[in-house]
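> Need the 3D shape of this:
(2 chains)
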Amino acid sequence: MRTIGTLIHHELRRMIRAKETFWLLIFMPLLLIFILGNALSGFFDLEDREVDPIEVGLVVLDEASDDMAGLLRTEEMAKWLSVRGFPDRQQLLDALEDGEIEYGVAVPEHFTENAASGSAAVWELYPGKNGDHNLVAESVIGGLLDRINFVQSAAAALGNPQAAEAAARGASGAEGSYVNVTAPDMSGRDYSALEYYAAQMLVMFLLYSGMAAGLSIVDEKESRTLNRIYAAAVKPIQVLVGKIAGNGLAAFGQALVIILFTSTVYGVDWGDRYAHLLAACLLTVIGSVSLAVIVAAFTNRARTVQAIFIALTMVMTFLSGGFSSEIGGFLERLGTFTFSYWASQSFIHLILNSADSIVQERLTVLGLIAAGLFLISALLGRKAVSHE
Amino acid sequence: MSLVRLRQVVKRYGTKLSVDHLSLTIERGEIFGLLGPNGAGKSTTIKMICGLLRSDQGEIEVDGESVRRHPLSVKSKIGIVPQEIALYEHLTAVEHLRFFGRLYGLRGRQLQERIDEALAFVGLTGHRNDRPGSFSGGMKRRLNIACAIVHQPKLIIMDEPTVGIDPQSRNHILESVRELNRRGATIIYTSHYMEEVEAISTRVGIIDHGRLIALGTIRELLMQVEEQEKLVIETEGLTDLAVEEIKRHASVQRVERRDGVLEVYLRHAQSYLQDMLYILAKHEVRIASLRNETPNLETLFLTLTGRNLRD
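The predicted structure is shown next:
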């Protein structure tokens, strides 16, 4: 243990005395968080906007559907839609064209009959010229149609329309509301650009810190000091543990500084679940240091380690949304296969104060990836610190 | 009593045989010179003795312990001065010694005392808080040595410790080697500078292509080539009669004549120098210059391998 302690102390001193340590590991992430957080804050403007009730034209071409169509005129719906009746489809379309109404709905012939027979309840929807209003109308009317379909299905199954209605109420909440406004993560809180980039940059620079372990191993080989260490009574496993623990501790310190600084100076709210935050930092550090050992096992040149690690970090950070939160469907899906994605998601959901289950799910995936990387690094570790 | 014993040691790199069934014994208190050209297998042999490389075959013992079976115990008895300057740019001289001292298990007051002694020994006490970046090549070499002796090992292995340094630092290092030996350490000293090995070694082994081709004291080794001592005489008016009379002298082995230059191979040249001069004078041959070339380890190596040590 004393030998490992000496090696850990040696690593920490090496990190502290390196000229680039402060600039690369502390100053740069804080600067980037500040620049990206302020420059791209427009993309994160998530304030609620009040939308006036949308003028919706309604034509009912199925007499039996009058009651159902009347659901659009309830007090609940009046918050979102202002419904005006039309005698036929053409007049409705003309009014839509003239801008008298903003959205059109036609209840087609035989709608009730079709719905009762088990076919899907489909209304004809005519979007207007305002995209935001179209989106709101479509969401509200879509919700209503989903509910109608649910009631019809329940009625068919239970044979009793009242019981079906009660079941529908139970399914959509006591109020029976068609629209439920909430944040995507169910927490009711969103994040600022500074908070988003604080999480992303923390992960990116923790990966860079991991690289230091790989560089340290390769540097010792290049300068022949590794031979000198092995000439003393030191085992390869002790060197490996010393490198991992020393650089891991340095990375952990870096995480602590970034979290404290962004919290006190930038106002980033990392939440109050410190055990989860600690776990996210620990798993990210373990993953990044393990990755560095794996890279160091395949090369004896510091420049190669640096090039591979920077490329890996950049690609993973990009795919996990580290530079821009909107990178497109395919790349976003690709990002879910990266270590960075699960690390940054863990931090972001802590910032969002998401439910424990959501945070724990991200931490579990992060932990599994970190464990996998650690296992591989343990298998390749001897090769990485080999001096022959 | 022997401190290091190698028996039939073999090391291969791929298909290349780097050390070829090497057997060697080094006695306690010796300064053993291991001589050979670059790539002869010296460094590989040393790394195997230190436990830095595993031999493919054979057995190596240090102080009665097998390197293979007790590597950590053996390593604690050895201090190695590597050929390359293996130092950290971010550590001061004293921090280097503290780091390596701790790796060798030293702690507290004992560590501090050993650090002070090592720094004083290599003459770096005044630079204890300086980093290698501000050192000359010679000072770096001396710190390189201090790192290897801080734990006061029984066996000190110096692998080409004087490469690329000025004569003053070289002399300092050679004197340090003698002093370490006087203090009780056994030294293995490798070099391809035969003058250094001749100057400090009590015994010498010459290695080539991984095989030990000569072993003994300097005197013993040079006896193998003593017949190659020669007088080189630059003459004016050299005659065939004079050459013939020199050839007939009992001590002369061989004579070579190139223009006016006469090379006379003979044993104990100094004893028979008067005879040679008398013969030349008798034949009225004038002597422009004269020098006595005694054989050395270089001569021996050339004789044994047909190559120069520095090839």
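> which residues in the stretch 51-200 of chain B form strands?
In the stretch 51-200 of chain B, the segments counted as strands under DSSP state E, counting those that start in this stretch are B:57-62, B:65-66, B:78-81, B:155-159, B:186-191.
> quick check, the first one touching chain A?
So that's strand B:57-62. No: using Cβ under 8 Å from any Cβ of the partner chain, strand B:57-62 stays clear of chain A, with a minimum separation of 12.7 Å. For glycine as for every other residue, the C-beta is placed from the backbone atoms N, C-alpha and C.
> Can you tell me what sits against that strand?
Contacts with strand B:57-62, where a contact means Cβ atoms under 8 Å, 6 or more residues apart in numbering or on different chains, come from B:3-10, B:21-22, B:48-49, B:66-68, B:74, B:77-78, B:155.
> On the three-state scheme, residue B:32 is what?
Under DSSP: H, G, I helix; E, B strand; the rest coil, residue B:32 falls in the strand class.
> In contact with it, which residues?
B:26, B:186, B:187, B:188, B:189, B:201, B:202, B:203, B:204, B:205.
> tell me the contacts of the closest residue to the third one other than its chain neighbours?
Nearest-residue entry for residue B:187: residue B:31, 4.5 Å, with adjacent residues in sequence omitted and distances by Cβ to Cβ, 6 or more residues apart in numbering or on different chains. By Cβ under 8 Å, 6+ apart, residue B:31 lies in contact with B:177, B:178, B:181, B:186, B:187, B:189, B:200, B:201, B:202, B:203.
> What pLDDT does the model give residue A:50?
pLDDT, residue A:50: 65.
> if we can go back for a sec, ok, of the contacts of residue B:31, which come out buried?
Buried members of the contacts of residue B:31, scored by 16 or more other Cβ atoms under 10 Å in any protein chain shown, are B:177, B:181, B:186, B:187, B:189, B:200, B:201, B:203.
> I'd assumed residue B:200 was in contact with the fifth one.
When you say that, I think you mean residue B:189. Yes: taking Cβ atoms under 8 Å as the definition, residue B:189 is a contact partner of residue B:200 at 6.5 Å.
> Overlap in contacts, these two.
Common neighbours of residue B:189 and residue B:200, counting by Cβ under 8 Å, 6+ apart, are B:31, B:33, B:177.
> for chain A, what are the nearby residues on chain B?
Neighbours of chain A within chain B, by Cβ under 8 Å from any Cβ: B:50-53, B:72-73, B:75-76, B:78-80, B:82, B:84, B:86-88, B:90-91, B:95, B:99-100, B:102-105, B:107, B:147-148.
> Tell me, please, where in chain B the pLDDT is lower than the cut-off.
Applying pLDDT under 70 to chain B flags residues B:307-311.
> Touching, residue A:236 and residue A:382? I think so.
Yes: if you go by Cβ under 8 Å, residue A:236 and residue A:382 touch, sitting 5.5 Å apart.
> Just want to know which of the two has more residues nearby.
residue A:236 (17 against 13; other Cβ atoms under 10 Å in any protein chain shown).
> Could you find the closest non-adjacent residue to the more buried one?
The shortest distance from residue A:236 to any non-neighbouring residue, by Cβ to Cβ, 6+ apart, is to residue A:385 (5.0 Å).
> With residue A:257 instead?
residue A:26 (5.7 Å).
> I'd guessed the one you found sits against residue A:259; true?
No: the criterion here is Cβ under 8 Å, and residue A:26 misses it with residue A:259 at 11.9 Å.
> how about the helix or strand hosting residue A:82: buried residues?
Secondary-structure assignment from DSSP states H and E places residue A:82 in strand A:81-85. Within strand A:81-85, the residues that count as buried by 16+ other Cβ under 10 Å are A:81, A:83.
> Also stretch A:309-328?
Neighbour-count burial for stretch A:309-328, counted by 16+ other Cβ under 10 Å, picks out A:309, A:312-313, A:316-323, A:325, A:327.
> can you tell me which of those residues lies nearest to residue B:253?
Distance to residue B:253 across these (Cβ to Cβ) is lowest for residue A:309, with 68.6 Å.
> ok, how many other residues are close to residue A:107?
Residue A:107 has 22 nearby residues by other Cβ under 10 Å.
> What's opposite it in the beta bridge?
Beta bridges link residue A:107 to residue A:60 when assigned by DSSP bridges.
> Which residue lies nearest the spatial centre of the chain?
Answering for chain A, as no chain was given. residue A:345 (4.7 Å; Cα atoms, centre = their mean).
> not what I meant, chain B
residue B:197 (3.1 Å).
> surely that residue meets residue B:204?
Yes: counting by Cβ under 8 Å, residue B:197 touches residue B:204, with 5.9 Å between them.
> Bridging across strands, which residues link to residue A:56?
residue A:83, residue A:103.
> That one: what's it in contact with?
A:72, A:81, A:82, A:83, A:84, A:101, A:102, A:103, A:104, A:105, A:137, A:141.
> What is the nearest of the residues you listed to residue A:213?
Nearest to residue A:213 out of the contacts of residue A:56 is residue A:137 (Cβ to Cβ; 56.0 Å).
> Apart from its neighbours in sequence, what residue is nearest the closest one?
Per Cβ to Cβ, 6+ apart, closest to residue A:137 is residue A:103, 4.1 Å.
> Give me the pLDDT value at the one you found.
Turning to residue A:103, the model gives it a pLDDT of 91.
> What helix or strand is residue A:240 located in?
Going by DSSP H and E, residue A:240 is in helix A:236-264.
> still on that earlier bit, which among the contacts of strand B:57-62 count as buried?
Buried among the contacts of strand B:57-62 (16+ other Cβ under 10 Å): B:3-6, B:9-10, B:22, B:48-49, B:67, B:74, B:77-78, B:155.
> Please identify which of those residues is nearest to residue B:137.
Taking Cβ to Cβ as the measure, residue B:137 sits nearest to residue B:78 out of the buried ones among the contacts of strand B:57-62, at 25.1 Å.
> Pretty sure that closest one sits against residue A:233.
No: taking contacts as Cβ under 8 Å, residue B:78 lies outside contact range of residue A:233: 9.8 Å.
> Any stretches of chain A with poor pLDDT?
In chain A, residues with pLDDT under 70: A:40-50, A:118, A:120-121, A:154-190, A:325-328, A:387-388.
> Around chain B, pick out the residues from it.
Residues of chain A found near chain B (Cβ under 8 Å from any Cβ) are A:2-3, A:6, A:10, A:13-14, A:17-18, A:223-225, A:227-235, A:387-388.
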